[in-house]
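Here is a sequence with its predicted model. Questions after.
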Amino acid sequence: MKRVAIEGLVDPIDVQTHKRLLDVLVAAGTPVLMACGGKGLCATCHVYVQAGAEHLSPRTPREQLALRMLSDKRPSSRLACQAKVSGDGVIVGLPGGRYLTATKDLESLVGRRAEERVLHPVDGRVLIEAGKIITRSRIRELSQVDVDLAEMRTRSLSMG
């Protein structure tokens, strides 16, 4: 068993050697979207490795491709679904914001200020900044998000 710490949680999580960081996030109850089902096709399980990067598997070609899409990528960025834990001392942090799963999720929030950043479900870019008012016209502008997400899910299912 290896120990992984998640920023903001008091206790580290125990995980079997060579299990994915995604398994740690799920075990901790972290709100991770994993829109593609953990296949490395999206960026919704993006994390920042703050320590212990040497105790993770190398980036896969699929992960490198997906990370290129991120607008807030850092040198320490990893996809939790692709990074496997091989040693103790890994500490991860989560990007701030909420991933949009469908524009209809925002309909009930029209006229309110976004409590946190709203992020694109595929590339992680900021769609609505925290504190900005969510307007009906802004939601219409985001209709492409639904198309992007549907396309990603189709690709995910076809890659089984």
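On my side now, so go ahead. Predicted model only: the values in this text are computed from it and were never measured.

for Leu65, helix, strand, or coil?
Assigned state for Leu65: helix (three-state reduction, DSSP: H, G, I helix; E, B strand; the rest coil).

distance of it from Val126?
21 Å (C-beta to C-beta, to the nearest Å). Yep, even glycine has a C-beta here, placed from its N, CA and C like the rest.

Those two: which is more packed in?
A side-by-side neighbour count of Leu65 and Val126, using other C-beta atoms under 10 Å, places Val126 first with 16 against 12.

outside of stretch 54-62, which residues touch it?
Residues from elsewhere that reach stretch 54-62 (C-beta atoms under 8 Å, 6 or more residues apart in numbering): 2, 18, 21, 39-41, 49, 67, 78, 82-90.

Now that we have the residues you listed, which of them are buried?
2, 21, 39-41, 49, 67, 78, 82-85, 90 (16 or more other C-beta atoms under 10 Å).

Tell me which two in these are the farthest apart.
For the buried ones among the contacts of stretch 54-62, with distances taken as C-beta to C-beta, the pair at the greatest spread is Lys2 and Leu41 (26.1 Å).

Least confident secondary structure element in this structure?
Every helix and strand in the chain was compared by mean pLDDT, DSSP states H and E; the lowest is helix 143-159, with a mean of 61.

the helices in the protein, which residues?
21-27, 61-69, 104-107, 136-141, 143-159 (DSSP state H).

Asp11 - how many residues pack around it?
Applying other C-beta under 10 Å, we find 9 other residues in the vicinity of Asp11.

ok, now Asp14?
Other residues within reach of Asp14, judged by other C-beta under 10 Å, total 13.

How about Arg20?
Here the number of neighbours of Arg20 (other C-beta under 10 Å) works out to 20.

Which positions within stretch 75-82 qualify as buried?
When burial is assessed from 16+ other C-beta under 10 Å, stretch 75-82 yields the following buried residues: 77-82.
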